[in-house]
Each structure stands twice: as structure tokens, then as C-alpha cells.
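# just the structure for this:
(chains A and B)
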Amino acid sequence: MLKVNGISAGYSGLEVLQNVSITLEKGEFVAIVGPNGAGKSTLLKSISGTVRCTSGEIYFMDENIIRMDAHKRTGLGIIQVPEGRRIFPSLTVLENLELGAFRSEARGSIKENLEAVFKLFPILNERKKQMASTFSGGEQQMLAIGRGLMSKPQLLMLDEPSLGLSPKLGDMIFDVIREIQTKLKIAVLLVEQRAVEALELCDRGYILEQGRIVLSSDRASLMGNPIIQKSYLGVV
Amino acid sequence: MIAEKSKQGHSFWVDYFPLILVGVAVLLVCFIIGPQRYYQRVLLLVVLWICICSNFNIISGYGGQIVFGYMLFVGAGGYTSVLLFKFLGVNPWIGMFVGAAVAAFLAFVIGYPTLRLHGHYFAVATVAFPLMAIPIVAQLGWEEVHIPFAGRGIESMQFTDVRYYVLMSAILLVVFLIIVRMIERSRFGYALQALKQNEAAAEGMGIHTHRVKLLAFMLSAFLTGIAGTVYCFSILFLLTTPAAFGLFIIVRILSITIVGGIGTLWGPVIGAVLLVPVGEVLAAEVGDRWPGFQDLIYGVVLLIAVIYLPGGISGKVTEIRRRRKRLASPKVQAIVAPSNPDSPPKRGTPSSFKVGTSLAETRGRDPQGPILKVEGVSKLFGGVRALQNVTIEVPRGKILGVIGPNGAGKTTLFNVMNGYLGPEQGQVFFKGKDVTYLKPHDLCQMGIGRTFQIPQIFSNMTVLENVMIGAFARERNAPRAQAISEEMVQKMGLSHRGQDQAVGLTILETKMLEFSRALATQPELILVDEPMAGLNPEESHHIGEIIQGIAESGITVMVIEHVVQSLVKFADYLVGLDEGRKIAEGSPEEVTSNPHIIEAYLGQKWRRRYAKS
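Purely as a prediction, here's the structure:
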């Protein structure tokens, strides 16, 4: 469904990604793991279109989208839940969610999407009239993911959803992500520092270091790789 | 800890000689122009606009508090001295200082309440005042004031030869530029630039932001009041409210400073030299057919600059220079950082974080008891009880970890402890003293340091400058503050990044910067909020070592962290919070096996994964 073919990207002359290629099948769960500054967020942003690629191709459903504006990619169903839960703090939960359904394809089905989101996150239903700014970190993350789901994505990209969350809440968010993938049949591309959890959940994973993919494999062989165990899983 | 000769040290000559050259250049141009009145007048206008813009720069450029009503101070200075001269026969040289004092007083009256407002509210609030001044002055019958020509030369500040005015304003200009440069290099200037970028962080670094802003505002108004008098006596013969309080003044100020580069010493100079002559010549050419043509030019230039050149010309120049320096060669880095910049920063010996002597001294006085005590503290947010009757003792010299679910009140607890929030109930004692309602800047100076959950760095300053803001909390002397900062930066393994803008740092480097800056304030207790957020296991491990090193040097550490599997490795004690209450405390093993903590926070999965490791 998604095919990233040798892209390079960066900011003001500094090349962050170098010749990166990844693929993602329909409904697949793929994790990207790597140290800070490796370019993980930049990769997601290149796919969502908020960062321009200097070379390479990105195919989504067999269409080359590399020159497409970010809002049009959203229209195709590529949704990124940004790092740091960028919700609209002075709007209510419901308003935040409704804004998620901004793309025209999603506007017709607001009601059913809301139901699906509330089913995943009952707390959002309980507190839908509340201002988003009064939410704790975990609740804001749920809201950010919920907002992403409102636009009926084909591909949901999550940038460090566990950032700043308690161990329990983080695990809960991971469970929900798995549920989104299995029950709602949405492909998930996950960038995560908590490598243990991310690799446990995914179907396949990529290791990104210094702007390059250095390893890609399925879950079992990644988890079994001694180098990964040492650098990413904290097994000493 | 002897400071090596400072690497970014600014010698007197490099700093101040060019400013004197500016004055010399003005006089040279004046000499070349000779007795042609018209061109002398243009030159005079250039110099006066640099003066006004450079003063505007103090509060609005360096301090970032844009004063849209800045013309009030030009008018206040001018009107005061002219009226005193005309009706009371007061010597304009005395009137000039009276006018400046009036301007500073107005700045105090306006700034005291409005500088507490954040964001754009202050800028908007200031617009009201010149607008109100115009009808008031008109009502008093001074809409038009003819300046009587006493013709007593220097005694009445009235010369028939414009060149005397040029000489006078050139001296004034050099004085103003020197003042600005002195501010730039001082603790005060660092404080201004810090609060411009991040007021909360500045407070946390011991800066009394309201006072600093107010002082800068008054100083700026005072100097412009002086310039206002010179402007009225040298340019105007008929003082009118639109000439003294008109909107065109702020439009010109903004055009000149933004084109030249706001918040830089050379910005106003470059801007005025480029724009004022063009404006004057065009006004002379087409002004009679198209009145107000000059304002149109300034307006258009301002728009273009804001869109295409937001940093101004001098901003562009530094950007190009910086890029060139970066491209020049990695040699520049190698000199500063003997360690290989590619390898993960290995700090030296983590056990030598002690800075100066203040630490040992203060410890000697009160060696026993907890360093900080929170007693029965409650804090409400609307209807939400963020903290409920929380009592915590922070044992001296130890590492105390704080865990709990999101929304349990951990960050609120920190905010109460270092003064960002005042509790509804309860007290906070630091070294036995009640500090419950003290402000962050006071607590920082008493010895409570802080790093933030979302790093609060001053992104447009260099790494070293960031740390200097911290060092200035206790060290007023700039070179000594720089020495402390360099030492801290080196200990945190950031030396090779010292001259880089903080905005380009990686997450780990940003965290190291926050540690360096907090330690540069020479704290006895440091509050660390989620240092491992966004870091991978290896980097988290590094943070753990840093925290241990800090504690070994005698500084008490209190740390909020969700990466509990790392936290338990180095924390001496843990406190668990849930829904604003303390639900557990004790050794890491005790707290992480507490059923309530497992249920509310860790989850069974965590237990299974990490309990035995």
C-alpha cells in the first residue's frame, strides 16, 4: 500500500534522511525504532508531506505522492498523529474530534466514527464537553489518536505515542493501537522510543540510524537479534 | 576552577571602538557635506532615527516587548522641554533631562500594570497612550506650539548652523550605542534576551522578569525622552501633536529596526542609513504632489521586510556567517572539544559537579534535617484537586524519585515547590525557612534548580549563552559567570556545541543543556522533571549516571520519571502519587511492589517485565 523508495530529506541543507526505503502492506503494523536524531520523525513527516523530500519517490496505493501537498495526502487517508499530542487546547473534546473529520471523505460518517472512537476510548465520551486543556497527558494522547481516527485513515502514523505516559497508560495505548490495526483494519506505522513494546507489537520493524535504514526484518528475528537486544531492548 | 581565557571573550576594543567610529563617520560625512543645509538636515535625521530606534531596541528588540505606542516617549520628552522653555524659560539642557524623566515616569505608570500581561497584550495596551495624549495635549491648548527662537547658541540649544546639531546628536548617538552594547554584555541584557524567548524558564533561572522588563522600559523611555528634545529643537520649529505623537513615528521605527535587524546593535544603524535618506529625497521630489508619500514608502518597506527578511539585514549577515563557519571545517569544533564529537558525550568524572564555594558554606550552617519539606499541601485547579494534603520530606544529598499516573499531580508538586504555583493550603520549607509563596526567581537564587518536562531552552541563543543565564542567578560578574558556564558545559559533554544555537540540538543534548543550565545556578536541590522522556534505553542510562553524579557531588536531586525500570536503579527513595495524594513512599523495591502503585500506575505487564531485573 505504501512504498517509500529511496527518499532523502532534511532541513536547511542538513540531510536527515539518506536514501531511505520502506514498504507497508494494507493493514500491516510496522514499527520504526532508532536513536534520537536518526530521522524517525522526519521520515513520518516526509510521508505525511510536512517535510519536502529532495529525492526519491513515495507511492501510496500506486500513486506517486512525493510532490503532493500535505492536506491532499490527508485526503488520501494518510494521517499522522504528531509527537507531543498537538491537540487544540481551548476546544472541547468533541470539537477536537469533529475537527479530525475535516477531510470531506470523512464528513459524511462523523457519527459512526465518533462511536468507534468512543468505543476505543470510553473516557473521551464521558468527558466530551470538557476543554481539552484540562486533560492529563494520557487523556490528551487518547484524544490525539481519536482525532486521527475521525478522518477514517487508511494509514495511521504515530510519533511516540507513549511519550510522557505512565508505564500502565503507555501499555494501554499500545493495546489500543493493536486494536485499531486488528479490528478497524487500519495500517499502522509506529515510531517509538520504547523499543521493547514497539517491537513486541509490530508485524515488521525497521531500525533507522543516522538517517539510514540499517536493518529490517520481522518481529521474531528483530527481537532475537543480539545487537538489538543490547542497544534497544536494554538486555544486558 | 580557574577560568581559562574566555573563548568568546569580548575585548574592550572589539566591543566599543566601532561605536566610536560610527560617531567619527557621522562627523566626517558632516564635514564633506559642508554648509549645505538640506543635506545636513538629512544627515541629522539619520542620526536621530538611529538614536530613537536603538533605544526602542532595548525594550522591544532585546526584551521582545514591542511597544506600539513608542511615540509617546518622543512626544513626552519633546513637549516637556519645549513647554518649559517657552513658558518658564527653563534652559533646554535642563528641560531635556526633565523631559526624559517625564518619559521614564510615564513608562513606569504604563509598564507597571501592563508588563504583567503576557504575549501581545502589552504591545496592544501601549497603543492606547499616545492616542489619549493627543486630545489631552490639544485640550490644554498646546496642539501647536511655536518654539521661540532665542538664538543664544549652545545656551538655548538653538543653532543657526545645522552642523552644531549634527555634532551634538553624533555624541548622543555614540553614548546611546555604548549603553546598548553594555546592556548586551551584561547580566541585565542576558536576562532581557532570556525572558524574550521564554518567560517561564527565565523565572526559573532566577530572573525577576517583571522588574527587568520595567527597568528596560523606563531606561528606553528615558533615553528616547532625551532624543525627543533634540529632535524637537533641531528639526521642528513648530511643535504639533501629530509631529510628536503621530503614528508615522512608530511606523518608521519599526521599518528601520526590522529592515536593519531587530534586537541587534547594528540593526537600527543599517536600517536608518538605508531608509531615511531615500525617504527624505523622495519626499522632497514628490512630496508636494503626493503628500504623505514618505509614509507610503516606509509602510511598503516594512511589509516587504516582515515577509522576506524577518531577521533584518544584520540577521541575514549573521546567518550567512554562521553557515560559513559551519562549513569552514570541523577544525573549529576540534579546538573547543578535544573529545570526538561523533561519539556519545562521555562526561568526565560525574562526581565533581561542585561549583564555587557557596555550596559547602551553606551546607555547613544547617547540616541536619531534610533539605526541603512539603507539609499538608493542597492545590486546586477549578474543581480538580491536583494535590491533596501532601506531605513529603526530601532527604539531604539523596535522590528522591516521584512516580505516579499522568495527572497524579507530580508536575504540580514541582511547580508548588519552586514557586510557579501557590498552594491553597499547606507550607513548603526549604532549609527550615518557609518559602511557600516565594516566586521562582527567589527560590532559584536560594538554591532550588529546575529542569522541565518539555525542555524550556532559549532556542535562539547559543548553548553557552543559555547556561550563562543560569549562572547569572548567583554570579553577577559576566566573565566569572562565563567561566562557570564553560565548566558546566564541559562536564555535561557539550563543549563542542558551546557556540551552536540551542535550537539545533538533539533531544539528548537539549537535556544536557537543561542540566548544565540548572547546575550553573549553583543549586542545593535540583528538581528534574521527566529527564528520560523521548530517550532510548542507552540514553536513559546516561541520564541516570548524570543524576547519580550530581547527587554524589552533594546536590539533592528530586526526579519525576516514568521510566521506572531505570529510576529504581539509582533512586534512594521513591514517593508514589495518585489523584493528588501520596499513596506510597519508601525504598524503590517497596514502592514498586505496592499494590496500589501497581494497580494505578505500573500495570501488571510492567511487573512481569521488570520486577526481577
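# give me the number of residues near B:G534?
By the criterion of other Cβ atoms under 10 Å in any protein chain shown, B:G534 has 22 neighbours. For every residue, glycine as well, the C-beta is placed using N, CA and C.
# surely it touches A:Q193?
Yes - taking Cβ atoms under 8 Å as the definition, B:G534 is a contact partner of A:Q193 at 6.0 Å.
# which residues do those two both contact?
A:36, A:160, A:163 (Cβ atoms under 8 Å, 6 or more residues apart in numbering or on different chains).
# are any of those buried, and which?
A:36, A:160, A:163 (16 or more other Cβ atoms under 10 Å in any protein chain shown).
# which of the residues you listed lies closest to chain B?
A:N36 (4.5 Å; Cβ to the nearest Cβ).
# distance-wise, check the closest one relative to A:V191.
Relative to A:V191, A:N36 is positioned 11 Å away (Cβ to Cβ, to the nearest Å).
# just to revisit the earlier point, take the buried ones among the shared contacts of B:G534 and A:Q193 and write them to JSON lines, including pLDDT, distance to B:S314 and secondary structure.
JSON lines is the format used below for those (pLDDT from 0 to 100; distance: Cβ to Cβ, whole Å; DSSP: H, G, I helix; E, B strand; the rest coil):
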{"residue": "A:N36", "pLDDT": "76", "distance to B:S314": "33", "secondary structure": "coil"}
{"residue": "A:E160", "pLDDT": "89", "distance to B:S314": "38", "secondary structure": "coil"}
{"residue": "A:L163", "pLDDT": "83", "distance to B:S314": "38", "secondary structure": "coil"}
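# between these, which is nearest B:L265?
A:N36 (36.4 Å; Cβ to Cβ).
# for that closest one, give me its contacts.
A:193, B:506-508, B:534-536, B:539.
# rerun at 6 Å
If you count contacts by Cβ atoms under 6 Å, 6 or more residues apart in numbering or on different chains, A:N36 has them with B:506-508.
# now for chain A, the helix or strand with the poorest mean pLDDT.
helix A:104-107 (a mean of 72; mean pLDDT, DSSP states H and E).
# what residues of it count as buried?
Quick answer for helix A:104-107 (16+ other Cβ under 10 Å): A:A106.
# contact partners of that helix?
Against helix A:104-107 from outside (Cβ under 6 Å, 6+ apart): A:101, A:151-152.
# go on, stretch B:179-188?
Here stretch B:179-188 has contacts from B:15, B:54, B:189, B:265, B:472, B:476, using Cβ under 6 Å, 6+ apart.
# before we move on, what about stretch A:146-161?
A:41, A:44, A:77-83, A:96-97, A:100-101, A:103, A:106, A:113, A:117, A:121, A:124, A:141, A:173, A:186-192.
# what about burial for these, which qualify?
Neighbour counting with 16+ other Cβ under 10 Å marks A:41, A:44, A:77-83, A:96-97, A:100-101, A:103, A:106, A:113, A:117, A:121, A:124, A:141, A:173, A:186-192 as buried within the contacts of stretch A:146-161.
# can you tell me which of those residues are in helices?
A:41, A:44, A:96-97, A:100, A:106, A:113, A:117, A:124, A:141, A:173 (DSSP state H).
# so which bits of the strand or helix carrying B:Q294 are buried?
Element membership of B:Q294 [criterion: DSSP states H and E] is helix B:293-308. Neighbour-count burial for helix B:293-308, counted by 16+ other Cβ under 10 Å, picks out B:294-295, B:297-299, B:301-302, B:305.
# remind me which residues of chain A are low pLDDT?
A:12-13, A:84-85, A:234-236 (pLDDT under 70).
# what parts of it come near chain B?
For chain A, the residues in contact with chain B (Cβ under 6 Å from any Cβ of the partner chain) are A:35-37, A:136-138, A:163-169, A:171, A:193, A:234.
# just the pLDDT for whichever residue of the stretch 301-450 of chain B sits closest to chain A.
Evaluated by Cβ to the nearest Cβ, the stretch 301-450 of chain B has B:G407 as its residue closest to chain A, separated by 2.8 Å. The model reports B:G407 with a pLDDT of 80.
# ok, how many other residues are close to it?
There are 23 residues near B:G407, going by other Cβ under 10 Å.
# what sits against it?
A:S136.
# mind doing that once more with 8 Å?
A:135-139, B:579 are the contacts of B:G407 under Cβ under 8 Å, 6+ apart.
# using PyMOL, define a selection of the buried residues within these.
In PyMOL syntax, the buried subset of the contacts of B:G407 is picked out as below (16+ other Cβ under 10 Å):
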select buried, (chain A and resi 135+136+137+138+139) or (chain B and resi 579)
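# in helices, which of the contacts of B:G407 appear?
Using DSSP H, those in helices are A:137-139.
# tabulate these in CSV, adding columns for distance to B:V46.
Formatted as CSV, the ones in helices among the contacts of B:G407 follow (distance: Cβ to Cβ, whole Å):
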residue, distance to B:V46
A:G137, 54
A:G138, 59
A:E139, 58
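# closest one to B:M417 out of these, please.
Of the ones in helices among the contacts of B:G407, the one sitting nearest to B:M417 (Cβ to Cβ) turns out to be A:G137, at 19.6 Å.
# what's the neighbour count on A:S21?
14.
# equivalent analysis for A:A70, please.
Around A:A70 there are 15 residues (other Cβ under 10 Å).
# ok, it touching A:S48?
Yes - using Cβ under 8 Å, A:A70 is in contact with A:S48, at 6.0 Å.
# for the residue in chain A that chain B sits nearest to, which non-adjacent residue is closest in space?
Shortest chain A-to-chain B distance, computed as Cβ to the nearest Cβ: residue-wise this is A:S136, at 2.8 Å. If the residues on either side of it in the chain are set aside, A:S136 comes closest to B:G407, at 2.8 Å by Cβ to Cβ, 6 or more residues apart in numbering or on different chains.
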